[in-house]
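K.L.:
When you get a sec, could you give me coordinates for this:
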Amino acid sequence: MRQELESAFERALDAIAHDGAFAKLEILQHTAQPKHGSIAFTVTIDRPGGADLVLCERVAARINAGLEELDAPYALQVESAGLDRPLIKPADYERFKGMRARIVTSLLVDGAKTHRGILRGLRGESVLLETRSGELPLPIATIKSANLEYDTRADLQREKRQRKGTHGRNGN
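P.N.:
Model (predicted):
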């Protein structure tokens, strides 16, 4: 029964990926793990502008519809990639060029395994990361994990500048 449930899960994800109602939706990751006599499915999604609760609920409803024909216990979690979105495909490093990232490598690169900086895209088989000490090429083959890194301070400073600009224009 587990295999049938996992196959139905994969079919539901494939249907979502090809459904115009879910245009621009990206399924970043999905897992199926045995858990206490059932299966726990997890799906991480994103879309330009972010995935909100309503979109997560729509995706979950679509997956549930594909699984309900099977009488087997399962748990389903659909989540947004969030502010610390994982970078999975090489194209992600180009797409999010200019944003802050945290990259963990499996080997020491420049004396460390954890690297933080601004994404500068790809060059050949390496991700370019602008760090305090300059541009650092990180071979894709050595990347264990990579995530965007939300900078709260920069966001607060940007908001403060916007408020100041608004007050200045109003003459306050």
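
K.L.:
Report all helices and strands that the longest strand along the chain contacts.
P.N.:
In the chain, assigned by DSSP state E, the strand with the most residues is strand 112-123. Applying 3 or more CB pairs under 8 Å, 6 or more residues apart in numbering; DSSP states H and E, we find strand 112-123 packed against helix 90-95, strand 100-109, strand 126-131, strand 134-139. From N, CA and C alone the C-beta is placed, and that goes for glycine too.

K.L.:
Can you add mean pLDDT and distance to residue 160 and give these back as a markdown table?
P.N.:
A markdown table is the format used below for the helices and strands packed on strand 112-123 (pLDDT from 0 to 100; distance: least, CB to CB, whole Å):
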| stretch | mean pLDDT | distance to residue 160 |
| --- | --- | --- |
| helix 90-95 | 94 | 28 |
| strand 100-109 | 95 | 19 |
| strand 126-131 | 96 | 24 |
| strand 134-139 | 95 | 30 |
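
K.L.:
Go through the ones you listed and pick out the most buried.
P.N.:
strand 126-131 (a mean of 19; mean count of other CB atoms under 10 Å).

K.L.:
what lines up beside that one in the sheet?
P.N.:
With DSSP bridges as the test, strand 126-131 is paired with strand 112-123 (antiparallel), strand 134-139 (antiparallel).

K.L.:
Make JSON lines out of the helices and strands packed on strand 112-123 and add distance to residue 15.
P.N.:
What follows is these, written out as JSON lines (distance: least, CB to CB, whole Å):
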{"stretch": "helix 90-95", "distance to residue 15": "23"}
{"stretch": "strand 100-109", "distance to residue 15": "32"}
{"stretch": "strand 126-131", "distance to residue 15": "33"}
{"stretch": "strand 134-139", "distance to residue 15": "36"}
